[in-house]
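Enquirer: Everything below, folded, please.
(2 chains)
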2 protein chains.
Amino acid sequence: MEFLKVDSIDTAREKLFASANGWMAAQEIVPLAEALERILAEDIVVCEHVPTFRRSTVDGYAVCAADTAAAGEGIPVFLTVKGQVEMGQPAAFVLTSGICAEVATGGMLPDGADAVMMVEYAEPFGADGIALYTSVSHGEHVVQIGEDVKAGELLLPRGKCIQAQDIGAMAAAGIVRVPVYRRPRLSVLSTGDELIAPEQSPTLGQIRDVNTNALTALAQKIGFEIVHTALVADDAERLEQAIRAAMEKGDIVAVSGGSSRGKKDVTRIVFDRVASPGVYTHGLAVRPGKPTILGHDAQSETLLIGLPGHPVAAMMMFELLLGWLWRSLTGSSPHPAIPAQLACNVAAAPGKLNCWPAKLMWTGDSYLAEPIFGKSGLITVLTKADGYFTLNRESEGLTAGQRVLIHLF
Amino acid sequence: MEFLKVDSIDTAREKLFASANGWMAAQEIVPLAEALERILAEDIVVCEHVPTFRRSTVDGYAVCAADTAAAGEGIPVFLTVKGQVEMGQPAAFVLTSGICAEVATGGMLPDGADAVMMVEYAEPFGADGIALYTSVSHGEHVVQIGEDVKAGELLLPRGKCIQAQDIGAMAAAGIVRVPVYRRPRLSVLSTGDELIAPEQSPTLGQIRDVNTNALTALAQKIGFEIVHTALVADDAERLEQAIRAAMEKGDIVAVSGGSSRGKKDVTRIVFDRVASPGVYTHGLAVRPGKPTILGHDAQSETLLIGLPGHPVAAMMMFELLLGWLWRSLTGSSPHPAIPAQLACNVAAAPGKLNCWPAKLMWTGDSYLAEPIFGKSGLITVLTKADGYFTLNRESEGLTAGQRVLIHLF
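Expert: Model prediction:
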């Protein structure tokens, strides 16, 4: 039995980033309607003002604000209505003092006008006039040229995970082809002679494969494309075949199980057979997640990751390594973490990054984080959790009431 | 000019829920691999133990824990290795005192064994023996029968938004066909003579349509299926045609623009033409979002919602009404809101629910929420925001430093 020589999470991440940088973050162009939750690969700078004309934000009358200054509840100001601005058309006339024009929400202000009086405060008066009982100030109820977006301005930065409102902003600016990072193509393999597919019934000694489905879903949520999945026996030849097939299809091959140093643990051996320079990290100072393998094939530009067979550890390490890598390469941010107070004491294994699944409880004023205790082989540990927190390797633990940051799953 | 008779948000929601309850939350069965982020329509109760046998969580030796009690660093205990448990097979022998068996992670414990000694603490000794230098306690490194999930236990509750770990748990329990709520089928229409498609270039007075793309993306994020989109002129006949076409395709028709009481605002009139009982709410005590219309056609079971043309207001009202409705019908929860301290004072319009887009800033210790001030016609107001907070109608405003809850977009 050979012991693992562990890397810290920081060292492992540095090596991982170095092995992926320069090739993994390729770009592609997608139509605006397909850009939701993709990561922007370039700064979006607009080349024209939005709007290109002065727009009314209300239904009412375009006026010269100075004309209305004297209006009050008892002392109306009277203006002549010169006409009506047609929606979607340039205003066909120029206003001068004493003259106003009807304009609907979104309509263009005529030259000479500098504010809009809401229709609620205007009363028809005579054949072509209105009486105003309140004043408006210069610019009131008007969106100025370029007020939404100025030409040359940064609309959205590279690395932003595109949300619905960002799609709206790009629509406003006429950006209908969006440069995003191509989704990394991932294969997920699970190894273990004891594993059967979820739709099968286990006999004594068998167990259904959890990791293929769980890691596939987690990867999709992070933003990866799944190109291949397989369930493979603990056999070096079969695993080698399966990994070589997966390497032809994608950018990353994740193998769960067989990542330790036991007799049956062949993942590392196979990684070193199929990849050059091969494995650069085997063993991490993380709990749970020690038996994790990182490797790299330079020629085919493929990352290889061997994950623990225990589901909790496999998912945690996938998020802490590949989730982190994706965000680092694309400059994107994780969801904001939620500050919470620990509901009970937790002990930490010193010298390791400790990861705790936790459930959030709202007290009416703040969040309590209840760590979920349980073996890392139990998938239900995670179903009870809303997220996780980490304690770094200097920490010996925390006591109830101390503050932790919950990263949501 | 007729004024709107406004409903409070609570009243509007009650009416909306009543008009949708009983038909909108239909169920369907999806394969496990397609269940990510769908909402569970039934409690998931498992009918068998997971695991069905006692499993080792480490590579090592299955032992009778009592045999190891006397072991210490200087005083080893010697055990005879009876054989090896094959992975995926029932253990073919029974252990008695003084006897142990090799077992790998995930392997079945033989009868008679009650703990596993990690391989790291065992040394080969003689032809078929090992020497142990530490003790293990009863149950150590063992997952008991049903320890992950017990037969009859609730695995996941109705209303849960299915996450990767939930997919893993269902895989473990053999649940490969998942009952979820069918996605509501939504049509998104935008009206306005001044609107052009985002790929077109505006002439003076024209503006690109923001809401179709922004609302479509927001709806997809909430979990809706988009069945139809259209850009329609401010014309009652054309809008009626478009709405009737949309009503044939789906469960909800959302129309942005034309929702106020101006000359060009025909949405309400058309809703009352095409639907019976028709409009039940026109006007909400919400800022922004006052010109919002809610209606219902009982025969075709279609919800009709008229949203403000201003993008910020349209998106806010979509989330506060249809997002809320979907969560209420399915029993699902929004993402946990994030407590933050206001970075500056905000004034509230009394008598209304006030909604403020806000940017979150992490101070190293807690979050500051910086309200984004800007006209509701400006889409970039939302691109700068991470989420929003609300002030209820009793509030007259908040001062810098007070606590708000940020709902993430």
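Enquirer: Could you pick out the residues of the stretch 201-350 of chain A near chain B for me?
Expert: Residues of the stretch 201-350 of chain A found near chain B (C-beta under 8 Å from any C-beta of the partner chain) are A:201-218, A:220-221, A:234, A:260, A:262-265, A:309-311, A:315, A:335-336, A:338-339. Quick note: C-beta positions are derived from backbone N, CA and C, even for glycine.
Enquirer: 7 Å instead, please
Expert: Contacts of the stretch 201-350 of chain A with chain B, taken as C-beta under 7 Å from any C-beta of the partner chain, map to A:202, A:204-210, A:213-214, A:216-218, A:220-221, A:234, A:260, A:262, A:264, A:309, A:311, A:315, A:336, A:338-339.
Enquirer: Not including adjacent chain positions, what is the nearest residue to the residue of the stretch 201-350 of chain A found nearest chain B?
Expert: Closest to chain B within the stretch 201-350 of chain A is A:Ala214: 3.0 Å, counting by C-beta to the nearest C-beta. Closest residue to A:Ala214 in three dimensions, ignoring its sequence neighbours and counting by C-beta to C-beta, 6 or more residues apart in numbering or on different chains: B:Gly168, at 3.0 Å.
Enquirer: Is the one you found in contact with A:Arg208, as I believe?
Expert: No - here B:Gly168 does not reach A:Arg208: they are 9.9 Å apart, not a contact under C-beta atoms under 7 Å.
Enquirer: Between these two, which has more neighbouring residues?
Expert: B:Gly168 (31 against 25; other C-beta atoms under 10 Å in any protein chain shown).
Enquirer: which element is A:Trp324 on?
Expert: A:Trp324 is part of helix A:324-330 when elements are defined by DSSP states H and E.
Enquirer: Packing partners of that helix?
Expert: Counting contacts by 3 or more C-beta pairs under 7 Å, 6 or more residues apart in numbering or on different chains; DSSP states H and E, helix A:324-330 packs against helix A:9-20.
Enquirer: Toward the C-terminus, what is the element adjacent to the helix it packs on?
Expert: Helix A:9-20 is succeeded, C-terminally, by strand A:27-31 (DSSP H and E).
Enquirer: Show me what that next one packs onto, helices and strands only.
Expert: If contacts are counted by 3+ C-beta pairs under 7 Å, 6+ apart, strand A:27-31 sits against strand A:177-181.
Enquirer: Now do the strand it packs on against strand A:27-31, angle only.
Expert: Strand A:177-181 runs at 140 degrees relative to strand A:27-31, counting by axes from the mean of the first three to the mean of the last three C-alpha atoms, to 10 degrees.
Enquirer: Any part of strand A:177-181 near chain B?
Expert: No - applying C-beta under 7 Å from any C-beta, one finds strand A:177-181 separated from chain B by no less than 9.1 Å.
Enquirer: So what does the residue of the stretch 201-350 of chain A closest to chain B have for phi and psi?
Expert: In terms of degrees, to the nearest 10, the main-chain angles of A:Ala214 are phi -70, psi -40.
Enquirer: which residues touch it?
Expert: Residues in contact with A:Ala214 (C-beta atoms under 7 Å, 6 or more residues apart in numbering or on different chains) are A:311, A:315, B:164-165, B:167-168, B:171.
Enquirer: Identify the farthest-apart pair in the residues you listed.
Expert: Greatest spacing in the contacts of A:Ala214, by C-beta to C-beta: A:Met315 and B:Ala171 (12.5 Å).
Enquirer: picking that back up, could you pull up the mean pLDDT of the following helix or strand past the helix holding A:Trp324?
Expert: Moving toward the C-terminus from helix A:324-330, the next helix or strand (DSSP H and E) is strand A:338-342. Here strand A:338-342 scores 96 as its mean pLDDT.
Enquirer: how many degrees apart are strand A:338-342 and strand B:338-342 in direction?
Expert: 110 degrees.
Enquirer: Pull out the buried positions in strand A:338-342.
Expert: Residues of strand A:338-342 classed as buried by neighbour count (16 or more other C-beta atoms under 10 Å in any protein chain shown): A:338-340, A:342.
Enquirer: partner strands of it, parallel or antiparallel?
Expert: With DSSP bridges as the test, strand A:338-342 is paired with strand A:367-371 (parallel), strand A:403-408 (antiparallel).
Enquirer: residues contacting the nearest residue to A:Thr330 once chain neighbours are set aside?
Expert: Leaving aside its chain neighbours, A:Thr330 sits nearest to A:Ile39 (4.4 Å; criterion: C-beta to C-beta, 6+ apart). A:Ile39 makes contact with A:159, A:161, A:180-181, A:223, A:330, A:332, according to C-beta under 7 Å, 6+ apart.
Enquirer: where's the residue nearest to A:Thr302 when sequence neighbours are not counted, which helix or strand?
Expert: Spatial nearest neighbour of A:Thr302, chain neighbours left out: A:Met247 (4.8 Å); criterion: C-beta to C-beta, 6+ apart. Using DSSP H and E, A:Met247 falls within helix A:236-249.
Enquirer: So which elements touch that helix?
Expert: For helix A:236-249, the elements it packs on are strand A:185-191, strand A:225-232, strand A:252-256, helix A:267-274, judged by 3+ C-beta pairs under 7 Å, 6+ apart.
Enquirer: ok and the top strand by length along chain A relative to strand A:403-408, angle-wise?
Expert: When chain A is parsed with DSSP state E, its longest strand is strand A:353-362. Angle between the axes of strand A:353-362 and strand A:403-408 is 90 degrees (criterion: the same axes, to 10 degrees).
Enquirer: hmm, stretch A:107-123 in reach of chain B?
Expert: Yes - Stretch A:107-123 reaches chain B (C-beta under 7 Å from any C-beta) through A:108, A:119-120.
Enquirer: Separate out the buried members of the residues you listed.
Expert: Here, 16+ other C-beta under 10 Å leaves A:108, A:119 buried among these.
Enquirer: can you redo the residues of stretch A:107-123 next to chain B as CSV with secondary structure and pLDDT?
Expert: Shown next, in CSV, are these (DSSP: H, G, I helix; E, B strand; the rest coil; pLDDT from 0 to 100):
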residue, secondary structure, pLDDT
A:Met108, strand, 97
A:Val119, helix, 93
A:Glu120, helix, 90
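Enquirer: Quickly name whichever of the residues of stretch A:107-123 next to chain B is closest to chain B.
Expert: A:Met108 (4.4 Å).
Enquirer: What helices and strands are in contact with the worst-scoring helix or strand of chain A on mean pLDDT?
Expert: Least confident helix or strand, chain A: helix A:380-383 with a mean of 91, by mean pLDDT, DSSP states H and E. Where contact means 3+ C-beta pairs under 7 Å, 6+ apart, helix A:380-383 is packed against helix A:311-317, helix B:164-172.
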